[in-house]
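1. Would you be able to build a 3D model of this:
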Amino acid sequence: MSLNVLYAQNDNDNPIYRSKNEPNFLVRDATQADDEQLVQLIAETMPSNGMTLAFERYPSYLSASHAQYNRPDIKLVVPEENPAQVVGMMNLGWRYCFINGQPELLRYVADLRMHPAHRGNKVLRLLMDYVYDEIPLDTIFESVVLEDNTVACNILHNERKGFPKPFHYDDIRTFTVSQAQKPVQFGRYHFEQMNTNHVSEANAFISTMKQHYNFLPNYDFSGLAESNHPFWLSMNIHDFYLMYDQNHQIVGLYGLWNQKAFKQTRVVDYSLPLKLMKPFYNVYAGLRGVFSLPKKNDAFEYLMIHSALCHPEQQDVFASLIFHAKQQTKLRRKQAFCITLANNDPRIHWMSNTTSHIIQAKHYFHSFKGNPYSTFDRNKISYFEVGRI
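-> Down below sits the predicted model:
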């Protein structure tokens, strides 16, 4: 343990971390009593493509975090004189995933927030002191940040003394798909809605996908059969579809996830050009059946695609999967669905045959122990679950 750290106990036996670099604030674990403050703090606005968005976790951040992580680890910054007041937060939770084909734990950094009145290097430095002192120094952290989120990019993507060094791994794109071209091969495949009899087959298919994709979650679809399993929040087994070829061999898998019960993307404001263009665009969108822009302060209506998996070189399978997902989205009375793909995923080329709104982001790793690239097989494709970023 370094000289910076000192531990004490508060009245609730919640461990308290102190650093000599910032004696006026403490770090502690989140508790249920903090949930209301976390819901407010996480709704911090972010710019994206001419819009100011709020990524909300209403009504419970703590509940929603279990859909993002297998094991959330939420650290809070609180004032020394009032440890019940939350002025900053960061989630450093664990994800169970496949790396180089083997089941591993990966530490994912997300939801870094600071109250506007307490933004500055001191609070951020305290969090980094905690990371340095209390987490093994050989830990590799993963992060994904929107390109338009310049504040987070400046914090996480620049080298800073006392911070884990950032390493840009690859770029990703999230497509909000409102239309998809029907591929000529669509009739070669058939889809079955998942039920409990499909669970072992779906799990076996996931196991074959780990040879192609890195950071693929270690899914166990038997959790879908359980009532209120936190990792499958707001999903049931019938939200998933298995895709078969003419030999009745499984070639694809995906689900549709309605997250609105616990996670919303709300438009706080539009840029002036977009504000002027929005009425005309929405008339066009209505005529073309594409994604329309909501009113200011309203939330978008869309689904998240879950585990859109197939062999990365099977473009016809992926094209049919995307078209079927669009059909099912329409049947569920939603305008669009979202899917995230790494730029080096061969399947991304098919997305030019869709009508999509695109958001770009950067995928980084962070380490105190030098470049982590050798840890990962760069021949494998980075996998991202859009609903868990």
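2. Let me see the contact set for residue 258.
-> By Cβ atoms under 8 Å, 6 or more residues apart in numbering, the contact list for residue 258 reads 234, 303-304, 332, 334. Just so you know, the C-beta spots here come from the backbone N, C-alpha and C atoms, and that holds for glycine as well.
3. Mind checking which of these are in strands?
-> Using DSSP state E, the members of those that fall within strands are 303-304.
4. Give me the buried entries from the contacts of residue 258.
-> Using 16 or more other Cβ atoms under 10 Å as the burial test, the contacts of residue 258 include 234, 303-304, 334 as buried.
5. Determine the set of other helices and strands touching the longest strand that the chain contains.
-> For the chain, the longest strand by residue count, based on DSSP E, is strand 165-180. If you count contacts as 3 or more Cβ pairs under 8 Å, 6 or more residues apart in numbering; DSSP states H and E, strand 165-180 packs onto helix 315-331, strand 337-342, strand 354-367, strand 381-382.
6. 7 Å instead, please
-> For strand 165-180, the packing partners by 3 or more Cβ pairs under 7 Å, 6 or more residues apart in numbering; DSSP states H and E come out as helix 315-331, strand 337-342, strand 354-367.
7. Can you show me the helices along the stretch 101-250 of the chain?
-> Along the stretch 101-250 of the chain, counting by DSSP state H, counting those that start in this stretch, helices occupy 121-134, 150-156, 199-209.
8. circling back to that earlier point, from the contacts of residue 258, pick the one nearest residue 57.
-> Taking Cβ to Cβ as the measure, residue 57 lies nearest residue 234 of those, at 12.4 Å.
9. Who are the contact partners of that closest one?
-> By Cβ atoms under 7 Å, 6 or more residues apart in numbering, the contact list for residue 234 reads 258-259, 261-262.
10. can you do 8 Å?
-> Shown in contact with residue 234 (Cβ under 8 Å, 6+ apart): 67, 257-259, 261-262.
11. domain parsing for the chain?
-> 5-165, 175-260+301-388 (automatic domain parsing).
12. got those domains as CSV, with distance to residue 273 columns?
-> Converted to CSV, the domains of the chain look like this (distance: least, Cβ to Cβ, whole Å):
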stretch, distance to residue 273
domain 5-165, 7
domain 175-260+301-388, 16
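13. And the strands in the stretch 51-200 of the chain?
-> In the stretch 51-200 of the chain, the segments counted as strands under DSSP state E, counting those that start in this stretch are 51-56, 74-79, 88-91, 94-99, 102-108, 110-114, 141-146, 165-180, 190-193.
14. Can you add mean neighbour count and mean pLDDT and give those strands back as a markdown table?
-> Formatted as a markdown table, these follow (neighbours: other Cβ atoms under 10 Å; pLDDT from 0 to 100):
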| stretch | mean neighbour count | mean pLDDT |
| --- | --- | --- |
| strand 51-56 | 19 | 89 |
| strand 74-79 | 21 | 97 |
| strand 88-91 | 22 | 96 |
| strand 94-99 | 19 | 97 |
| strand 102-108 | 16 | 96 |
| strand 110-114 | 20 | 93 |
| strand 141-146 | 21 | 95 |
| strand 165-180 | 19 | 96 |
| strand 190-193 | 15 | 98 |
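15. so which of those strands gets nearest residue 297?
-> Across those, the minimum distance to residue 297, taken as Cβ to Cβ, is reached by strand 51-56, at 9.2 Å.
16. Alpha carbons of that closest one, in CSV - could you do that?
-> The C-alpha trace of strand 51-56 is given here as CSV (Å, rounded to 0.1, in the frame of the first residue of the first chain):
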residue,chain,number,x,y,z
MET,A,51,-27.9,17.4,-30.4
THR,A,52,-27.4,17.6,-26.7
LEU,A,53,-28.3,14.2,-25.3
ALA,A,54,-28.9,12.9,-21.7
PHE,A,55,-28.2,9.2,-21.2
GLU,A,56,-30.5,8.5,-18.3
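17. Just name whatever secondary elements that strand is in contact with.
-> Against strand 51-56 (3+ Cβ pairs under 8 Å, 6+ apart) you get helix 35-42, strand 45-48, strand 264-270.
18. Can you give me the buried ones in the second one?
-> When burial is assessed from 16+ other Cβ under 10 Å, strand 45-48 yields the following buried residues: 46-48.
19. what separates that strand from the chain centre, distance-wise?
-> Here the centre of strand 45-48 is set off from its chain's centre by 16 Å, with Cα atoms, centre = their mean, to the nearest Å.
20. That strand - what's its average pLDDT?
-> For strand 45-48, mean pLDDT rounds to 80.
21. Show me what it is packed against.
-> Counting contacts by 3+ Cβ pairs under 8 Å, 6+ apart, strand 45-48 packs against strand 51-56.
22. just to revisit the earlier point, which among the helices and strands packed on strand 51-56 is found nearest to residue 321?
-> Between these, strand 264-270 lies closest to residue 321; by Cβ to Cβ that is 23.7 Å.
23. Between which two of the contacts of residue 234 is the distance greatest?
-> Between any two of the contacts of residue 234 (Cβ to Cβ), the greatest distance is 12.0 Å, for 67 and 258.
24. okay, the strands of the stretch 51-200 of the chain in a markdown table with distance to residue 14 next?
-> Converted to a markdown table, the strands of the stretch 51-200 of the chain look like this (distance: least, Cβ to Cβ, whole Å):
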| stretch | distance to residue 14 |
| --- | --- |
| strand 51-56 | 26 |
| strand 74-79 | 10 |
| strand 88-91 | 15 |
| strand 94-99 | 20 |
| strand 102-108 | 21 |
| strand 110-114 | 19 |
| strand 141-146 | 23 |
| strand 165-180 | 30 |
| strand 190-193 | 45 |
